[in-house]
Structure formats: structure tokens, C-alpha cells
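S.K.: Only the shape, not the letters, is given here:
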Ligand SMILES: NC(=O)c1ccc[n+]([C@@H]2O[C@H](COP(=O)([O-])OP(=O)(O)OC[C@H]3O[C@@H](n4cnc5c(N)ncnc54)[C@H](OP(=O)(O)O)[C@@H]3O)[C@@H](O)[C@H]2O)c1
């Protein structure tokens, strides 16, 4: 059996960490890298790169040649329109699946989906992630596949959750969701461990699996704030951000993005995701299928991410990858 795994999204937050975990576990990695991002991937023993993109069939065929599995981490997480997300999260995925299906024997296929796919009505992003799952299930034939649905993932290099935690560490907690909303979190190394466990598991029932950290039932905003306050041994002031303000900023952001031509993160759809009441994930199906269990609590994950020592004693070093 080949020891090579094809990985997409290796220049992103999750994909970069996954590549390091795969290499450390003795797998060889062939990573798809867009030309404009080549400078963000360092040469490492066991790592080869294929220059291309999810829009380029030739590069996808080269990417998957002879691999034992494909781990698809690339995704569009910013954008204003359905087309912005679907071009990558649906059309790009379908091209990659077709490349994998052309091989004999067929590789196993892991799609990094999102818990957002559970509520596709909320945003173009959520809808594209659900459509991606459905496309994979419909196309896969006898290829073994899983789609993992992580909740909000944090860790070194994260540009979404980390700034929020950094604000809390400074003593101010912007509360962006409803006070009684609950959400699960996942430390990035636990997600990488889940992918590795699936790869090593040999076989697993095809399907969609949710993941969360050691906190069954997730967190409310107040619980998250209280835990970080205890971890830092310092007081944190809650700063509720009204939905109307978030919506106004999102509206302006999308208008400016259209004018200047960038892919916006805060959009009306993202606001609906942020205000959604139930983002609690459930590990039990994945644990039953492959035996993976999360190892990190929020405190442990934050200590590793932020370089914090024991409560109140550590440095406040924040490890962040070079900006994208
Ligand atoms: N972060 C989270 O909290 C979270 C939670 C649940 C699910 N997810 C899912 O996890 C995946 C990775 O997320 P992330 O946070 O690591 O995102 P990220 O940091 O933005 O990374 C996205 C990656 O996808 C690549 N990519 C985007 N469009 C591409 C294209 N057309 N062709 C080839 N590569 C392309 C990017 O390449 P460039 O470097 O060239 O831009 C980058 O490597 C996504 O599918 C996301 O939906 C993330």
C-alpha cells in the first residue's frame, strides 16, 4: 500500500497543521498548492507539492496519482455570493472526486466539511458545505469516504476564533451571539488526530460525522468567558454586540468588498451563523466508527495555542502563522 496522502488546503490553517501531523506519523504527503501561495509552504522531508488548484483538472490528476487517500481541506470560507463558495466547495470538490474516481485502486476520501452544513439555510457558506457533502455521497460509487463536520476550530494560525480569544485575554469579551446560544469548539490538533485515526482505521462506514472537544454539550458565551477568566486569573468584561450593529457592519462590508474586490468574512450570512442558537456537535458516531476521542479541553487547547502556562503565570505569547 502506498504511504502517500494527497492533501488540499495545505497552505491554510487546518491543512498546514494536518500536513505536519501526517509527516510526523510517517505518511508521505503530496500537497496541492496554488502558485500564489507557494511561498507559504516550507520544504520538508516526505512532502512534495503539486502546483495547481481545484479549478485545474491536470493538477488534480497529478495530485492523486498513486495515493492511498485524499484528504480535502481546501475550502472557500470567505465570499459574498453563492457562486464565490460553490466554485470551490462544490465544483472544485467534484473535480477532485472525479480525479480520485479515475484511479484504480480507488483511494479513500476524507472531506473536511463543517458543522455549518447542518443548517444550510443560514448562509451561502453553509449551503455550499452541505452541497459538497451531498455531491461526494452521490458520486463516490465504491470509493470509501467520510465527511467530517468540525464546529469552530481554533489553534495556532487561526484567524477567526483566535482574535476573539485574544480580546478575552486582554479583558474584553465581545459577545457576538445570543446569550443562551451554545456552541462546540475543537482544538485543531484534535481534528488532525481524528483524520489520522480515520486513515489508520483501515475501513469505516461511509457517511457524515460531527466532532467536538472534551466538553459534551458545548459552551455558552458566558461559560467560555468564565473559563478563560479562570485560566488567566483575571476579570473579563462582557461586551454584548447587538445583532443590528453586526448586520449593519456586514452589509457595509459586503458593499465595500464588491467595490474594492476582496472576499469578505463578515457577511449577513455569517451574522446568521453567529446568531444561530445550536452549534453543539456530537462525537459519539465518530467515536463508535473509528475509536477517536478528543484529547484537549478548551483550557488545554488555549494553553498550547496562546503559550499560556498555568493560570495567571504564563507568558501571553501568541503563536500566529505569517498572515495570508
Ligand atoms: N477553521 C474553522 O473553524 C473550520 C471549521 C469547520 C470547517 N472548516 C473547513 O475546514 C477547511 C479548511 O479551513 P481553514 O480554516 O484551514 O481555511 P483557510 O485557512 O482559509 O484555508 C483554506 C485553504 O484552501 C485553499 N483553497 C481555497 N480555494 C482553493 C482553490 N480554488 N484551489 C486550491 N486550494 C484552495 C487555500 O489556499 P490558498 O492558501 O492558496 O488560499 C487554503 O490552503 C475548509 O473547508 C473549511 O470549510 C473550518
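M.R.: That came in fine, so what should we check first? Keep in mind that this is a model prediction, so the values were computed, not measured.
S.K.: The ligand contacts on this protein?
M.R.: Along the chain, the residues adjacent to the ligand under the rule Cβ under 6 Å from any ligand atom are 8-9, 11-15, 32, 34, 37, 53-55, 73-77, 88, 92, 112, 114, 150, 152-153, 160. Every residue, glycine included, has its C-beta placed from N, CA and C.
S.K.: Show me what counts as buried in the helix or strand hosting residue 93.
M.R.: If you go by DSSP states H and E, residue 93 is part of helix 93-101. By neighbour count, with 16 or more other Cβ atoms under 10 Å as the criterion, the buried positions of helix 93-101 are 93, 94, 95, 96, 97, 99, 100, 101.
S.K.: all helices for the stretch 101-250 of the chain, in order.
M.R.: Listed in chain order, the helices found in the stretch 101-250 of the chain under DSSP state H, counting those that start in this stretch are 124-139, 161-169, 188-201, 221-232, 243-260.
S.K.: can you put the ones you listed in CSV and add mean pLDDT and mean neighbour count?
M.R.: Shown next, in CSV, are the helices of the stretch 101-250 of the chain (pLDDT from 0 to 100; neighbours: other Cβ atoms under 10 Å):
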stretch, mean pLDDT, mean neighbour count
helix 124-139, 98, 21
helix 161-169, 92, 18
helix 188-201, 97, 21
helix 221-232, 94, 18
helix 243-260, 94, 14
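S.K.: if I pick the nearest residue to residue 222 once chain neighbours are set aside, what's in contact with it?
M.R.: Taking Cβ to Cβ, 6 or more residues apart in numbering as the measure, residue 222 lies nearest to residue 179, with 7.0 Å between them; neighbours along the chain are not counted. When contacts are counted by Cβ atoms under 8 Å, 6 or more residues apart in numbering, residue 179 touches 220, 221, 222, 240.
S.K.: Could you check how far the third one is from the ligand?
M.R.: Per Cβ to the nearest ligand atom, to the nearest Å, residue 222 is found 21 Å from the ligand.
S.K.: Likewise for the second one?
M.R.: Here the distance between residue 221 and the ligand works out to 17 Å (Cβ to the nearest ligand atom).
S.K.: ok, that residue - contacts?
M.R.: 173, 175, 177, 179, 181, 238.
S.K.: Just name the closest of the residues you listed to the ligand, please.
M.R.: Nearest to the ligand, judged by Cβ to the nearest ligand atom, of the contacts of residue 221 is residue 177 at 14.9 Å.
S.K.: my read: that closest one touches residue 273, true?
M.R.: No: no contact is recorded between residue 177 and residue 273 when judged using Cβ atoms under 8 Å, the distance being 9.2 Å.
S.K.: Name the nearest residue to residue 258, sequence neighbours excluded.
M.R.: With sequence-adjacent residues excluded and distances taken as Cβ to Cβ, 6+ apart, residue 258 is closest to residue 80, at 6.5 Å.
S.K.: Which strand or helix spans the one you found?
M.R.: If you go by DSSP H and E, residue 80 is not part of any helix or strand.
S.K.: Give me the contacts around the helix holding residue 93.
M.R.: The list of residues contacting helix 93-101 from outside it, by Cβ under 8 Å, 6+ apart, reads 8, 54-55, 57, 60-61, 63-64, 70, 72, 106-107, 109, 111, 132, 135-136, 139-141, 143.
S.K.: try stretch 249-256
M.R.: Counting by Cβ under 8 Å, 6+ apart, stretch 249-256 makes contact with 80, 264, 265, 266, 267, 268, 270, 271, all of which sit outside it.
S.K.: Please apply the same query to stretch 48-58.
M.R.: The set of residues that contact stretch 48-58 without belonging to it, under Cβ under 8 Å, 6+ apart, is 8, 10, 28-35, 38, 41, 59-60, 62-63, 74, 87-88, 91-93, 95-96, 98-99.
S.K.: show me what contacts the residue of the stretch 151-300 of the chain found nearest the ligand?
M.R.: Of the residues in the stretch 151-300 of the chain, the one nearest the ligand is residue 153, at a distance of 3.6 Å by Cβ to the nearest ligand atom. In this structure, residue 153 makes contact with 13, 14, 161, 185, 186, 187, 188, 191, judged by Cβ under 8 Å, 6+ apart.
S.K.: Would you mind measuring from it to residue 281?
M.R.: From residue 153 over to residue 281 the distance is 11 Å, taken as Cβ to Cβ, to the nearest Å.
S.K.: overlap in contacts of those two?
M.R.: Once Cβ under 8 Å, 6+ apart is applied, the residues that residue 153 and residue 281 both contact turn out to be residue 186.
S.K.: one step back: let's have the contacts of residue 221 in a markdown table, adding pLDDT and distance to residue 288.
M.R.: Formatted as a markdown table, the entries for these read as follows, by pLDDT from 0 to 100; distance: Cβ to Cβ, whole Å:
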| residue | pLDDT | distance to residue 288 |
| --- | --- | --- |
| 173 | 96 | 36 |
| 175 | 95 | 35 |
| 177 | 93 | 30 |
| 179 | 86 | 33 |
| 181 | 96 | 28 |
| 238 | 95 | 38 |
